[in-house]
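K.L.:
quick one: sequence plus predicted model below, questions after.
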Amino acid sequence: MKRNKFYYIFLAMFCMNIFLTQGQEVRIHSHNDYERRFPFYEAYGQLLSSVETDIYATAVQGELLVSHGHPSPTSPTIDEAYLQPILSLFKLNNGKAWRKSEKILYWLIDLKTDANPTLDYLIEKLRPYPEVFDTVVNPYAVRVIISGSVPKAERFGDYPSFITFDGSRLDYTPKQLERIGLISFNVRNYTKWDGQEPISDSDYQKLSEVINAAHALGKPIRFWGTPDGERSWNTFHTLGVDVINTDTPAACAAYFRKFIPTYCP
């Protein structure tokens with residue numbers, strides 16, 4: 001049965017009421033969100049805080065296509081798959097991502113082609129909507145975080161303030177740190193843990209140290225390449241990871257609705 005976007009908006013409102021009554025919010029990131037059966041709407045319906053979009057610039061001026069690998073003729077544009085749904089929801093919800101919540105939506109946009117022109121095209125698409133993407137205008141605005149082909153840190157200041165960047169190290173200058181919205185690391189740089197058995201004490205300590213280092217800079221942290229299951233979600237949340245990475249957003253959201261913190265190394 002074909003369902004239009006308003007079905008998923010209704011579903012989102014229903015799920016929100018469930019999620020908000022079950023305790024403290026957990027920030028869940030829908031990794032490769034565009035690969036879901038219903039991109040954006042599945043994550044939104046589960047009240048997830050963060051979605052990821054991979055984009056490619058093309059030979060067509062200003063065009064950005066959403067795809068995991070090289071885009072095909074059937075790949076959607078960023079306008080169709082994400083921008084228009086987000087704009088519609090902010091209008092529907094009177095300037096918020098969710099009508100009855102102060103929860104913030106984070107949009108991690110992974111540039112798969114060079115920042116120039118990919119990021120330039122993106123900025124021109126977002127700039128006309130400061131009430132949706134600029135926190136100076138609206139404190140509930142979407143937080144846009146640029147990943148992938150990120151410009152050199154020395155150039156962060158060349159971009160509008162509504163654009164922040166996904167950090168990949170811990171040694172940014174104070175001025176550069178102001179433009180970092182998130183720090184993301186490959187978990188395999190710290191552990192080979194597969195998420196099946198309890199994590200070792202030594203690996204737990206390694207992860208704790210890098211998490212504490214990011215927090216000392218005042219930045220949230222996410223690990224990518226992580227095991228994706230209940231033991232992993234529990235362990236990373238217990239460690240203090242701010243953003244839980246998952247390729248199974250519905251299952252992860254369901255788990256945290258009934259979450260009871262446990263120490264599980």
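P.N.:
Arrived safely, thanks for sending. Numbering: from 1, shown residues only.
K.L.:
from Pro227, how far off is Tyr204?
P.N.:
Applying CB to CB, to the nearest Å, the value for Tyr204 to Pro227 is 14 Å. Where C-beta positions appear, they are placed from N, C-alpha and C, glycine not excepted.
K.L.:
scratch that, Phe38 is what I was asking about
P.N.:
For Phe38, the distance to Pro227 equals 25 Å [CB to CB].
K.L.:
same thing with Asp114?
P.N.:
Asp114 sits at a distance of 32 Å from Pro227 (criterion: CB to CB).
K.L.:
between these two, who's got more neighbours?
P.N.:
Between Asp114 and Pro227, counting by other CB atoms under 10 Å, Pro227 is the more crowded of the two (17 against 13).
K.L.:
got the contact list for the more buried one?
P.N.:
193-196 (CB atoms under 8 Å, 6 or more residues apart in numbering).
K.L.:
for Ala213, grab phi and psi.
P.N.:
phi -70, psi -40 (degrees, to the nearest 10).
K.L.:
quick check: it touching Gly167?
P.N.:
No: taking contacts as CB atoms under 8 Å, Ala213 lies outside contact range of Gly167: 11.5 Å.
K.L.:
quick one, strands of the chain?
P.N.:
Listed in chain order, the strands of the chain (DSSP state E) span 27-30, 50-57, 64-66, 106-111, 143-148, 163-167, 180-186, 221-224, 243-246.
K.L.:
related to what we said a few turns ago, give me the more crowded residue out of Ala213 and Gly167.
P.N.:
Taking neighbours as other CB under 10 Å, Ala213 and Gly167 compare with Gly167 leading, 26 against 13.
K.L.:
wait, what's in contact with that one?
P.N.:
Counting by CB under 8 Å, 6+ apart, Gly167 has contacts 177, 180, 182-184, 219.
K.L.:
can you pick the most crowded of those?
P.N.:
That'd be Ile183 among these, by other CB under 10 Å, with 26 neighbours.
K.L.:
could you measure from that one over to Lys152?
P.N.:
As judged by CB to CB, Ile183 and Lys152 stand 17 Å apart.
K.L.:
do His31 as well
P.N.:
For His31, the distance to Lys152 - CB to CB - is 25 Å.
K.L.:
show me the beta-bridge partners of the residue positioned nearest the centre of the chain.
P.N.:
In the chain, the C-alpha nearest the mean C-alpha coordinate belongs to Ser50, at 3.3 Å (CA atoms, centre = their mean). Beta bridges link Ser50 to His29, Tyr106 when assigned by DSSP bridges.
K.L.:
skipping adjacent residues, who's closest to Glu230 in space?
P.N.:
Among residues not flanking Glu230 along the chain, Tyr255 sits closest, at 5.6 Å (CB to CB, 6 or more residues apart in numbering).
K.L.:
where in the stretch 101-250 of the chain is pLDDT low?
P.N.:
In the predicted model, the stretch 101-250 of the chain carries no residue with pLDDT under 70.
K.L.:
now the helices for this structure?
P.N.:
5-20, 41-45, 78, 84-92, 115-126, 130-133, 174-177, 201-216, 230-239, 249-257 (DSSP state H).
K.L.:
I'd like these as CSV, with distance to Pro139 appended.
P.N.:
CSV is the format used below for the helices of the chain (distance: least, CB to CB, whole Å):
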stretch, distance to Pro139
helix 5-20, 19
helix 41-45, 20
helix 78, 24
helix 84-92, 13
helix 115-126, 17
helix 130-133, 11
helix 174-177, 21
helix 201-216, 23
helix 230-239, 26
helix 249-257, 25
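K.L.:
and of those helices, who's closest to Ala57?
P.N.:
Nearest to Ala57 among these is helix 115-126; the distance by CB to CB comes to 4.3 Å.
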